[in-house]
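Colleague: Any chance you can model this:
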Amino acid sequence: MRRKNGISVMLLLLALFSCSSLNGQGSFKPYELWKDSEGKILDAHGGGMLFHKGKYYWFGEIKKGMTFLVPKQSWECYRVNAGGISCYSSENLYDWKYEGVALASNSSDSTSDIHTSKVLERPKVIYNDKTGKFVMWLHIDCADYSCARAGVAVSDKPEGPYKYIESFRPNGQMSRDMTLFKDDDGKAYHLFSSENNATMHISLLTDDYLKPSGVEKRIFIDKSREAPAMFKNNGKYYLITSACTGWSPNPAMVAEADAIMGGWKELYNPCTGPHSDITYYSQSTFVLPLPGEPGHFIFMADRWNKSNLQDSRYVWLPMLIRNDSVIIEWKDSWKFESVLSLKNVTESYTLTGLNLMALSEKILYKHTPQEDMYLYLLRPLKKTIRPLPAIVYFTGGGWVGGSVDAQIANAAWFRDQGIIGITADYRVKSRHGTTPLECIEDAKSAVRYVRAHSQELGIDPDKIIVAGGSAGGHIAACTFLDGGDAAGEDLGISSKPNALVLHNPVLGEGFGSDFFTLHPEFSPILHIKYGWPPTILSNGTKDGTTPYEAAEKFTRLMKEAGNICELVTVKDADHSCDWPVNNPNFLPTLKRMTNFLKEQKIIKQE
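Modeller: Numbering: from 1, shown residues only. Reported below is the predicted structural model:
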């Protein structure tokens, strides 16, 4: 998509965010029947999007009529007679006007590539600035998918009609599922599943976009990927694909590269939330950038109904790139303004961990031999010029595993209460080959960083709460203990917290006995004395990992030493007594912990 000048972008955003829907849609609702401005069902499957002169053009396969199974195939070859390629236009992406058939199928000449008996799939259109032509590429095939060709058509107008030119095997290679990508320099590329779908090819097109130039690259060799959707962000290229599993949904995969013809690195499934392991019962078709909003996209996909293809539905979902992560989040219904930032989000703790990471400020706090370590900071909704309390969370995982997204919701909860919520990554055995000693070092380093940079972060250095769950709770408590500091640390900056919030913490009895035998100096329960900060901890009465009896003993010893300490008893709960967010004990425990901090005047009373 080409960027317009600033005024055009602002006008478009106003249209996007303040539109009143012509057909009463006004939001994106995956799986539901979508209708055009005349109330007719949208028919644009396997589609692609063109943005031209302030208007979006949506091209897709027309799937009408009876679905039938092609006989004598090794897979479920369901299809309908080729109906051609449709085109719809919109200025706001909610309301769609039917522009007509952009590329009509041929019902009379059975030898034609675009005869109704053939296959016309995954149309994509790009505009050639040099020739002034709109160029459409699509997958052309025989009824049994044995031809595997790419077809090309052109038009003087974005909506068509398009004149079909020819089909061919690009550079002599099979071509099935495909997409087009036009780069910022005007060069265009054809990406397609080839070699009987085993390997994907990227082919540079000629300057007129009508043929392959002969320059190509093979990627995902023998990985059997299809349904490509390419996009670019901050100078980096991304590609979402699907596995080849017929009509059955499967996990999406995102890959990245610094150059289109460079090395591609396969990453992960970017989908989050329910049914993310099967891409929400859908398959990728296109990724649409949002104008004027870098890092924000719409992931477009199809939910195929193999036995009734004309009833296949559309799945459009918000996609973000934040802190180098591509994240697609499930929404039953959504609008643009609901996903652009945490602005106006009052219950951010309900978002997925990956989404919260994407919307947080990612701050480097430490270089380590294994990997750089980051803080993920969430600012409260209400802006203020005064420094705020901050809570720094460390997730659990037995010093072996754990990730920021697992417990960032806790930090988000406190962000929603008006303070700064931070989750700190730290080294663990599974990712870095480290021991609990490095975990403790990193925890102390994180707290020191927050205190040392409190002014620029807008944090009150005398109101830093340190928190964590399980082993994360252990290293949180260790930030108060002496020793365990990383070499070269400025010990003139204290790592000691002003309050502790601990969820089923490892305290020195129960889990981790081997470590505490070797390192009793890091057993919190052995080092209780007067001067500990106000502490609140939770524990399940049936916890088999961090025994409830140890939490009781810790609380008693803290009080006997003259410290303020409170135990939140979670009756009949095992380990992770108040986590994750859907745990019925999450809100009651977090609310009590919040009130405790208010009582200690760490958090301001409302």
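Colleague: For the protein, which helix extends over the most residues?
Modeller: For the chain, the helix that runs over the most residues, judged by DSSP state H, is helix 436-452.
Colleague: Now do the next helix or strand after that helix: everything it contacts.
Modeller: Toward the C-terminus, helix 436-452 is succeeded by helix 454-457 as the next helix or strand (DSSP states H and E). Helix 454-457 is touched from outside by I363, L377, P387, A390, I420, V450, D460, P461, I464, with contacts defined as CB atoms under 8 Å, 6 or more residues apart in numbering. Where you see a C-beta, it was placed from the backbone N, CA and C, and this is true even at glycine.
Colleague: How about the first one, nearest residue that isn't a chain neighbour?
Modeller: In this structure, I363 finds its nearest non-sequential neighbour in L375, 4.4 Å apart by CB to CB, 6 or more residues apart in numbering.
Colleague: Contact partners for that neighbour?
Modeller: If a contact means CB under 8 Å, 6+ apart, then L375 has E361, K362, I363, Y365, V392, I422, T423, A424, D425, A446, Y449, V450 as its contacts.
Colleague: Now do the buried residues in the helix or strand where the third one lies.
Modeller: Read it as I363. With secondary structure defined by DSSP H and E, I363 is part of strand 361-366. By neighbour count on 16 or more other CB atoms under 10 Å, the buried set for strand 361-366 is K362, I363, Y365, K366.
Colleague: for those residues, which one is nearest S37?
Modeller: K362 (42.0 Å; CB to CB).
Colleague: For the chain, just list every one of the helices.
Modeller: Listed in chain order (using DSSP H), the helices of the chain are 6-18, 353-359, 404-416, 429-432, 436-452, 454-457, 471-478, 513-518, 548-560, 586-599.
Colleague: From the buried residues of strand 361-366, which one has the minimum pLDDT?
Modeller: The member of the buried residues of strand 361-366 with the lowest pLDDT is K362, at 90.
Colleague: where's that residue relative to K163, distance?
Modeller: 49 Å (CB to CB, to the nearest Å).
Colleague: can you pick the most crowded of the contacts of helix 454-457?
Modeller: Across the contacts of helix 454-457, neighbour numbers were computed from other CB atoms under 10 Å; A390 holds the maximum, 30 neighbours.
Colleague: Distance of that residue relative to A406?
Modeller: Between A390 and A406 the computed distance is 20 Å (CB to CB).
Colleague: Nearest residue to V326 in space, ignoring adjacent ones along the chain?
Modeller: Closest residue in space to V326, ignoring its immediate chain neighbours: P270 at 4.3 Å, by CB to CB, 6+ apart.
Colleague: Just give me the neighbour total for that neighbour.
Modeller: Using other CB under 10 Å, the number of residues around P270 comes to 24.
Colleague: correct me, but it touches P251?
Modeller: No - when contacts are counted by CB atoms under 8 Å, P270 is not listed as touching P251 (9.6 Å).
Colleague: for this protein, what helix or strand is lowest in average pLDDT?
Modeller: The helix or strand with the lowest mean pLDDT-type score in the chain, counting by mean pLDDT, DSSP states H and E, is helix 6-18 (a mean of 40).
Colleague: need the contact list for L590.
Modeller: Applying CB under 8 Å, 6+ apart, we find L590 in contact with N410, W413, D578.
Colleague: so what's the first one closest to, chain neighbours aside?
Modeller: Excluding its sequence neighbours, the residue lying closest to N410 (CB to CB, 6+ apart) is Y393, at 5.4 Å.
Colleague: if I look at D311, how far off is F596?
Modeller: Here the criterion is CB to CB. By it, D311 lies 54 Å from F596.
Colleague: The two: which has the busier surroundings?
Modeller: Each of D311 and F596 had its neighbours counted (other CB under 10 Å), and the higher figure belongs to F596 (20 against 13).
Colleague: hang on, isn't the more buried one packed against T535?
Modeller: No - with contacts counted by CB under 8 Å, F596 stays clear of T535, the gap being 9.1 Å.
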